[in-house]
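J.: I'd like to go over a predicted model; first the sequence, then the structure.
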Amino acid sequence: MSDVFISYARSTAKQARRVAEALRALGYSVWIDDDLPAHRTYSRVIEEQMTAAKAAVVIWSADAVQSEWVMSEANRAREDHKLVQVTIDTARLPMPFDTIQCADLADWTGDTETPGWRKVMSSIGTLAGGSARASALAADAPRPLQLPIKPSIAVAPFANLSGDPDQEYFADGMVVEITGALSRFKSLFVIASSSALSLKGKAVGAQEAARRLGVRYVLEGSVRKAGNRVRIAVQLIDATDGSQVWTNRFEDTLADVFELQDKVALSVANVIEPTMQSAEMRRASRRPTEDMGSYDLYLRARSLRQDSLRYADTFAALDLLDRAIAIDPDFGPALALASQCHDSIAMYGWSDDPQANRRQNIELAHRALKVAGDDADVLAAVAFVSGYYEQNWDAALGLIDRAIALNPGSSTVWHRSGMVLWRSNPGLAAEHIETAMRLDPIGSNRASLTFSMAMVCFTQQRFSEAAVLLKENVQQTDSPLGYAALAASYGQLGRIDEARRALARLGELSSNPAESYVQGDPKTRELFLEGVALAKGKTASDGDAGAQ
């Protein structure tokens, strides 16, 4: 006999099977009438299963409320005190079931984090007990993020209404730009666009998005691009009660797209925090390029970099950026992003000539600084280059201070700050990277953030924490650098079998030895080489030969 019995109308079989699959994935045994044996009277089987089940899920729909079978099964479940009700459309529940709590699974696609499904799971857990799988998932579930003291907002992925799937990058670009404009307000806490865009394509409403990202407000919107004109429609949702605070529509030519982005951001910010000074936004806002061809290529490249840190996407992004820079050699953000691509190519062992990529990294960073010295993200990127590749740490710290002053709401700025501080003050570096992770909790930048935090933990000899973070990192990136650091962490922990597996995977990905990936100050180098040596069954001095 089964833990859960499911009652539904035949027209909603697809939804019923989705519920059954989700419950089985959690370890519950489920009976649905697909399981009727061919040799028995179906009414007798249904009665036996209904009686034996610990919980009965009734899926109400327009057809279900007209079904005598569903009504009979629902009534039996109610009398036996094991009824769990869900609705999948707007049909009114029949009496007396309209007086009993009912979970809303309209348009549900299987997302286990939606409020309606959590309500179902809570009821089934009470009636049928928690399965081992459900208990494990509950134990691993992240705690809700605490709302910041300041007004907090996330710009949700915008719907692309252009009728052309190839324009998705443009809608995503609008989200990134509006997020960046909002983050210039020191009075706001703004979630990084990387985290917000990770919800794209998922059936996540404004309130659920706010819960996952830890904010009070969510800006939803759509973009319609036609010819030389673009229309942005937005609505601001207060996630505490789901109410619409404000709505507006903006339209302009693509020649004025930067002004259009700033109009949207300024309007939203003034609704959330009426007392803030609009002049601060206007001073910070400027057009990064006058050439829309260059900007279009830059948006495409940034979309690739946000979606992935993998080999193919990085090289594709760099090709787009090279074309953008050829059109507009003084386009600062494009220069800075190209610099970062070269850095990734050298760092992850994707180049036959990493020194050439490092030279390109430095050259592009300085060009970006020269033409966009008031852009916080550019300053932060150049700070990293100044410190790690030019060993000019005083200059790096000065650039980081300017970047934070310009845009204290940027996850990228806090991340770069943490990396610059890593050598001299790992404790403060950890705090800054934690701030970056809070501003960008679930985005595509997670892999970079986890690696950086792992290396700070490694420097502090918190090897267990470093190993956990690095394991997550290699699952996302499959990078040689991550496996080298993971092997060193496992070596320090004495987990030699796991360390050797990490080294074996490193050998499959790169011909460079693990020792060549060492980073950080002399103390970190020593710990890294020692960990790799332990993994290989050598002494630290034996393992130092390949270090660079």
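T.: Received the coordinates, thanks.
J.: The stretch 1-150 of the chain: strands as residue ranges?
T.: Along the stretch 1-150 of the chain, counting by DSSP state E, counting those that start in this stretch, strands occupy 4-7, 30-31, 55-60, 83-87, 102-104.
J.: Which one of those lies nearest to Val70?
T.: Of all those, it is strand 4-7 that lies closest to Val70, at 5.4 Å by C-beta to C-beta. In short, each C-beta sits where N, CA and C put it, glycine included.
J.: quick revisit: turn the strands of the stretch 1-150 of the chain into TSV, columns for mean neighbour count, mean pLDDT and distance to Leu379.
T.: Conversion of the strands of the stretch 1-150 of the chain to TSV gives the following (neighbours: other C-beta atoms under 10 Å; pLDDT from 0 to 100; distance: least, C-beta to C-beta, whole Å):
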stretch	mean neighbour count	mean pLDDT	distance to Leu379
strand 4-7	25	90	56
strand 30-31	22	86	56
strand 55-60	25	92	55
strand 83-87	24	91	52
strand 102-104	18	86	47
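J.: Let's have those in JSON lines, adding distance to Pro94.
T.: Formatted as JSON lines, the strands of the stretch 1-150 of the chain follow (distance: least, C-beta to C-beta, whole Å):
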{"stretch": "strand 4-7", "distance to Pro94": "13"}
{"stretch": "strand 30-31", "distance to Pro94": "23"}
{"stretch": "strand 55-60", "distance to Pro94": "8"}
{"stretch": "strand 83-87", "distance to Pro94": "11"}
{"stretch": "strand 102-104", "distance to Pro94": "12"}
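J.: and of those strands, who's closest to Arg416?
T.: Closest among the strands of the stretch 1-150 of the chain, using C-beta to C-beta: strand 102-104, at 42.9 Å.
J.: Need the residues that contact that closest one.
T.: For strand 102-104, contacts defined as C-beta atoms under 8 Å, 6 or more residues apart in numbering pick out Trp60, Val84, Gln85, Val86, Thr87, Leu93, Pro115, Gly116, Trp117, Lys119, Val120, Ser123.
J.: Likewise for stretch 66-77?
T.: 5, 7-9, 46, 50, 56, 58, 60, 64-65, 83-85, 94, 97.
J.: Looking at those, which one is closest to Leu320?
T.: Tyr8 (49.1 Å).
J.: list the contacts for that closest one?
T.: Counted by C-beta under 8 Å, 6+ apart, Tyr8 has contacts Gln15, Ala16, Ile32, Val58, Ile59, Ser61, Ala64, Val70.
J.: any idea how far Thr114 is from the nearest residue to Leu503 once chain neighbours are set aside?
T.: Using C-beta to C-beta, 6 or more residues apart in numbering and skipping the chain neighbours, the partner closest in space to Leu503 is Ala487 (4.7 Å). Plainly put, Ala487 is 40 Å away from Thr114 if you go by C-beta to C-beta, to the nearest Å.
J.: who has more neighbours, the two?
T.: For Ala487 versus Thr114, the count of surrounding residues by other C-beta atoms under 10 Å is larger for Ala487: 31 against 23.
J.: Tell me the helices and strands packed up against the strand or helix carrying the more buried one.
T.: If you go by DSSP states H and E, Ala487 is part of helix 480-493. Other elements packing on helix 480-493 under the criterion 3 or more C-beta pairs under 8 Å, 6 or more residues apart in numbering; DSSP states H and E are helix 446-459, helix 463-477, helix 496-509, helix 522-536.
J.: highest average neighbour count across the ones you listed?
T.: Stretch with highest mean neighbour count among the helices and strands packed on helix 480-493: helix 446-459 (a mean of 24; mean count of other C-beta atoms under 10 Å).
J.: now it: mean pLDDT?
T.: The average pLDDT for helix 446-459 rounds to 93.
J.: what's the offset of that helix from the middle of its chain?
T.: Using C-alpha atoms, centre = their mean, to the nearest Å, the mean C-alpha position of helix 446-459 is found 16 Å from that of the whole chain.
J.: Report the backbone C-alpha coordinates of that helix in CSV.
T.: Only the C-alpha atoms of helix 446-459 are listed here, as CSV (Å, rounded to 0.1, in the frame of the first residue of the first chain):
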residue,chain,number,x,y,z
ARG,A,446,28.7,32.1,-7.9
ALA,A,447,31.6,30.0,-9.3
SER,A,448,34.0,33.0,-9.1
LEU,A,449,32.8,34.0,-5.7
THR,A,450,33.1,30.5,-4.3
PHE,A,451,36.6,30.1,-5.6
SER,A,452,37.7,33.4,-4.1
MET,A,453,36.2,32.6,-0.8
ALA,A,454,37.8,29.2,-0.9
MET,A,455,41.2,30.6,-1.4
VAL,A,456,40.8,33.1,1.5
CYS,A,457,39.7,30.1,3.7
PHE,A,458,42.7,28.2,2.5
THR,A,459,45.1,31.0,3.5
